[in-house]
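Novice: structure, please.
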Amino acid sequence: MGEMDDIVREFIVESTEGLDQLDRDLVELEKDPSDGDRLARIFRVAHTIKGTSGVLGFGKMEAVAHVGENLLSQLRDRKLMLTQGITSALLGMVDALRTLLADIEQSGTERQRDYSMVIANLSAQLAGGNIAAAAPPTGASAPTAAVNREAQTGNSSGDGTASSIRVDVGLIDKVMTLVGELVLARNQILQFTASEQDASFTGAAQRLNLITTELQEAVMKTRMQPIGNVWNKLPRVVRDLAAGCGKHVRIEMEGSDTELDKTIIEAIKDPLTHIVRNAVDHGIESPEKRRAAGKPEEGVLRLRAYHEGGQVNIEITDDGGGISVEAVRERAKQRGLVSADQAARMSDRELMAMIFAPGFSTAEKVTNVSGRGVGMDVVKTNIERIGGSVDVQSAPGVGTALKIKIPLTLAIIPALVATSGGEQFAIPQVSLVELVRLDGEQGASAIESIQGAPVYRLRGNLLPLLYLDRELRLRGREKSGAVNIVVLQADDRQFGMVVDEINDTEEIVVKPLGKLLKGLPCFAGATIMGDGRVALILDVMGLAQRAQVVAESRAKVTAASAKTEDASKRSAWLLFRAGEEGCMAMPLADVARLEEFAAAKIEHSGAREVVQYRGDILPLVRVAEVLGKKSQRRDPVQVVVSSCNGRSFALVVDEIQDITEQEVRVQDANGDETRAAIIQERVTDLANVEGLLAAVERATAMVSA
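Specialist: Numbering: from 1, shown residues only. Okay, the predicted model is just below:
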């Protein structure tokens, strides 16, 4: 079935409903001609039918509805008073339109019927006359022949709704609630069946399970709507906005038939509209700028939607001027969102996420659409509220892409059930990455501590951990030696949640929390388990923020590292070993990130060791060798990425040991490269990053000479 066929079918259904309403409203209006609201509703229906029929090329429908609309316009403006003759003429119009709809439904076209008398009657009423009272000429094509329901004889469909009906959303929601209760009852019966030996009972339970699953899927489909229902309004938004900005913008949409739950559709309507408006006003350049950049004058805005991994991905891309990372960096510093040191150390992705910070904008001027620094933070908040995420990528001169991930539905979701502190919790599978179980001695020794925070080294990467029973202040159970880690995704960060037991996965019915619990950030709702007990559904992002295992938001990066300008105050330090003996430290504020490189990736540029890192060439500084200490070259190589005077480099160390925060007083100076202090009750050399780099420069210059 083609797209046009779908549009015509929708037109038939909607117009038939509209005509049914016109029948009722015209009769009631005749009883009370002063009812302005009813008259306005009648006019809107006639106007809609006229406009849509014209767009679809149904000329006869458009002509009949047009004259009727003119008559209704005069009534609405109080230039004519409703009379019985006018009411009859308008009802005749309704019958004519109904006949035309029946023809279109049967054959796809308007049949050769004469509607001139219907149009003449409406025109006469418009002019103040009334030809409807006259009897039609004998044998002539009388108005009744054209408009009466004798015209629909033999039409089996007639009403335009034989293949579809419209149901009130409230009724669908009620059916959905009942299905949810049925799912819960099914889960309870299945749990009871596991301990039963009766084959007949087991077979009946399995049959109930199958029917419930199919019923659930069918009811879910009634709630699903194509995202095109939201997108259909965007071309008009783009057209009007582009015209107002003096720009030429073409919108392209792919995947408009991708379906989402009605609740999700409603939730993303405003965020999508704001993103599109922002792209047209703030992203795509003026025709003059595009010509100067060698681009076509017409900008392109693309919307793409598709299903992936139980979620819906929505991509909004434009071929505009893009977002300058340096402009974001400077604006973030100006707004006081980050310090100058932090801004210098932030990655491009972290900086790009700053556009979602409240009050942030890179617009050069304020317009009635963008530039005030409101909107993108609300977009992110609204999307995260329904369990989604939003990411942005941009390249100056090329364009910007926003990628939104949202769940298919919020009503019935697959979840992992876990136990902690004697209580069951449901974890939405959309946030689940993997499960890790550490047995015996491995479980006791594999979890490390950095600055008092537990971490687990998962495939070489440090995974921050939280203990669910501790976060929720539950009574702990006796430790069995085994550690169960649920690896979760929050925003773009992963963390591990330690639970007592991992039970099973099942579909759960999401129940909203009551008023007293609604504000708790750790819980997204509740559900009833198979044993009849209530289990809380964990809000993964809220739990991660509460435990501080991820930043509250990438867009709200604040001054978390301690300042090191005043060495007499408490400050944060990275402890490491460089050489076979002794401990070293450097200010954590000077650390951009910790990395490991395979020795095979180390290359040479002249006399200097370098490594390719994020598209750049990163010089290596072997700390132990610079300080004249004995050291063994290891594989992989542990490095501390830092920067000095705008240059990035990597300090090669033997072992990264810990992070600590304490008051540090410099006790002695050991040259340009290090100073001495007491940290964690040990004499520790403090690395002077600038001095180390200068020493390497001197050594490299001597070798080159």
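
Novice: report the longest helix in this structure, please.
Specialist: Among the elements of type helix in the chain, defined by DSSP state H, the one spanning the most residues is helix 3-31.

Novice: which intervals of the stretch 201-350 of the chain have sub-threshold pLDDT?
Specialist: Within the stretch 201-350 of the chain, the segments meeting pLDDT under 70 span 308-310.

Novice: mind listing the strands for it?
Specialist: Remark: strands assigned in the stretch 201-350 of the chain by DSSP state E, counting those that start in this stretch are 224-226, 248-254, 259-261, 298-308, 311-318.

Novice: next secondary structure after the longest helix of the chain?
Specialist: Counting by DSSP states H and E, the next helix or strand C-terminal to helix 3-31 is helix 36-55.

Novice: circling back to that earlier point, list the helices and strands the longest helix of the chain packs on?
Specialist: Judged by 3 or more C-beta pairs under 8 Å, 6 or more residues apart in numbering; DSSP states H and E, the packing partners of helix 3-31 are helix 36-55, helix 84-107. The way it works is simple: take the backbone N, C-alpha and C, and place the C-beta from them, glycine included.

Novice: which parts of that helix are buried?
Specialist: Of the residues in helix 3-31, those scored as buried under the neighbour-count criterion (16 or more other C-beta atoms under 10 Å) are 8-9, 11-19, 22, 25-26, 29-30.

Novice: same thing with stretch 71-84?
Specialist: 71-72, 75, 80, 82.

Novice: let me have those in CSV, adding pLDDT, secondary structure and distance to Glu214 as columns.
Specialist: As requested, those are exported to CSV (pLDDT from 0 to 100; DSSP: H, G, I helix; E, B strand; the rest coil; distance: C-beta to C-beta, whole Å):
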residue, pLDDT, secondary structure, distance to Glu214
Leu71, 90, helix, 52
Leu72, 90, helix, 48
Leu75, 89, helix, 52
Leu80, 89, coil, 57
Leu82, 89, coil, 53
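
Novice: Glu69: helix or strand, and which one exactly?
Specialist: For Glu69, the element it lies in under DSSP H and E is helix 59-76.

Novice: and stretch 683-699, how far from the chain's centre?
Specialist: What separates the centre of stretch 683-699 from the centre of its chain is 46 Å, taken as C-alpha atoms, centre = their mean, to the nearest Å.

Novice: correction: the previous question concerned stretch 55-67.
Specialist: Stretch 55-67 has its average C-alpha position 41 Å from the chain's average C-alpha position, going by C-alpha atoms, centre = their mean.

Novice: average pLDDT for that stretch?
Specialist: Across stretch 55-67, pLDDT averages out at 89.

Novice: got a list of what Trp252 touches?
Specialist: Not quite, residue 252 is Glu, not Trp. Taking C-beta atoms under 8 Å, 6 or more residues apart in numbering as the criterion, Glu252 is in contact with 300-303.

Novice: one more time with 6 Å
Specialist: For Glu252, the set of contacting residues under the criterion of C-beta atoms under 6 Å, 6 or more residues apart in numbering consists of Arg302.

Novice: domains in the protein, as residue ranges please.
Specialist: 3-152, 169-226, 228-407, 412-555, 570-704 (automatic domain parsing).

Novice: and the gap between Ser324 and Ile316?
Specialist: Distance of Ser324 to Ile316, computed by C-beta to C-beta, to the nearest Å: 19 Å.

Novice: for Met354, same thing?
Specialist: Counting by C-beta to C-beta, the gap from Met354 to Ile316 is 19 Å.

Novice: what about the two, which has more around it?
Specialist: Per other C-beta atoms under 10 Å, whichever of Met354 and Ile316 has more neighbours is Met354, with 27 against 23.

Novice: on that earlier part again, contacting residues around the helix holding Glu69?
Specialist: Applying C-beta under 6 Å, 6+ apart, the set of residues contacting helix 59-76 is 39, 43, 46-47, 49-50, 53-54, 80, 82, 93, 96, 100, 110, 115, 119, 122-123, 125-126.

Novice: and it, how far out from the chain's middle?
Specialist: Distance, centroid of helix 59-76 to centroid of chain: 44 Å (C-alpha atoms, centre = their mean).
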